[in-house]
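Engineer: below is the sequence, then the predicted model.
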Amino acid sequence: MSGPRLVLASASPRRRELLSALGVPFVVDPPRVAEELPERARDVAAVARRLAREKALAVAGRHPQAVVLAADTVVALRGRLLGKPSTPAEAEAMLRLLTGREHRVVTAVAVARGRRALVAHASTRVRLRPFADAELRAYARSGDAFDKAGAYAIQDQAFRPVESYSGCYCNVVGLPLATAAVLLARAGATPAVDEGCLPAPCRACALWDAAAPLFSPAGRR
């Protein structure tokens, strides 16, 4: 990366791993912002964008010379918003609600520098596979669902919850890489993108296809 220091405003290990794939040196400073979701929303993206912006600006206040990147992921089924479950019962209920029904995963990314924040989002349609009752209960009780919006992770190789998806894979993991790369470049912190280090789904992602021409050969390894 060229330009100022980058701060990731997130404690998520998944976002740390994804951001590292862009070849961007960064430090981590999680925000102290309440992530309260309304029960329903007509504009799901607006909710995610507001939360991501609040996180980015909160941390930017502690790092006035840095570029701060924050994100917020919201799972929505017909206007109903699902956050992170806090109990096995909540996790099981969320998964039963989503099973076999197409839902949306929206991740907003905010990049702040000083008091100015650039915000964009990605949206992916996801369908979960059918689950056996015993399998669902065992997963819900394992605790693996507690820090995940909608109670599942698309990248979980043991549980394999997703039957199909349409859109950006990394968006469902928690950080749409193409969206983040474009915002970082606009904020003056252009990543040195090594396409060989990107997750495999990025190579077939329409978002990355659109973003890649913005990075000159000198800005890509």
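Structural biologist: That came through fine.
Engineer: tell me how far the spatially most distant residue from the centre of the chain lies from R141.
Structural biologist: With distances taken as Cα atoms, centre = their mean, the residue sitting farthest from the centre of the chain turns out to be A134, at 29.3 Å. The span separating A134 from R141 equals 11 Å under the rule Cβ to Cβ, to the nearest Å. C-betas here are computed from N, CA, C, even on glycine.
Engineer: repeat that for V173.
Structural biologist: As judged by Cβ to Cβ, V173 and R141 stand 23 Å apart.
Engineer: please apply the same query to R53.
Structural biologist: 36 Å.
Engineer: helices of the protein, start to end?
Structural biologist: Secondary structure of the chain by DSSP state H: the helices cover 13-20, 44-60, 88-98, 133-142, 169-173, 177-186, 206-211.
Engineer: for the residue nearest the centre of the chain, which non-adjacent residue is closest in space?
Structural biologist: Here the mean C-alpha position of the chain is nearest to the C-alpha of G174 (Cα atoms, centre = their mean), at a distance of 2.1 Å. Spatial nearest neighbour of G174, chain neighbours left out: R14 (4.6 Å); criterion: Cβ to Cβ, 6 or more residues apart in numbering.
Engineer: lowest average confidence, helix or strand, in the chain?
Structural biologist: Ranked by mean pLDDT, DSSP states H and E, the helix or strand of the chain with the weakest confidence is helix 206-211, at a mean of 84.
Engineer: run a quick neighbour tally on P161.
Structural biologist: Counted with other Cβ atoms under 10 Å, the burial measure for P161 works out to 23 neighbours.
Engineer: check contacts around it.
Structural biologist: Residues in contact with P161, defined by Cβ atoms under 8 Å, 6 or more residues apart in numbering, are 95, 128-129, 131, 152-154.
Engineer: how about TSV for the residues you listed, with distance to G114 added?
Structural biologist: Formatted as TSV, the contacts of P161 follow (distance: Cβ to Cβ, whole Å):
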residue	distance to G114
L95	41
L128	41
R129	45
F131	47
Y152	37
A153	34
I154	34
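Engineer: before we move on, back to that, highest mean neighbour count out of the helices of the chain?
Structural biologist: Ranked by mean neighbour count, these are led by helix 169-173 with a mean of 26 (mean count of other Cβ atoms under 10 Å).
Engineer: for that helix, what is the average pLDDT?
Structural biologist: Regarding helix 169-173, the rounded mean pLDDT is 96.
Engineer: list the contacts of it.
Structural biologist: The contact list for helix 169-173 (Cβ under 8 Å, 6+ apart) reads 14, 18, 73, 105-107, 122-124, 126, 153-155, 162, 165, 176-179, 199, 201-202, 205, 207.
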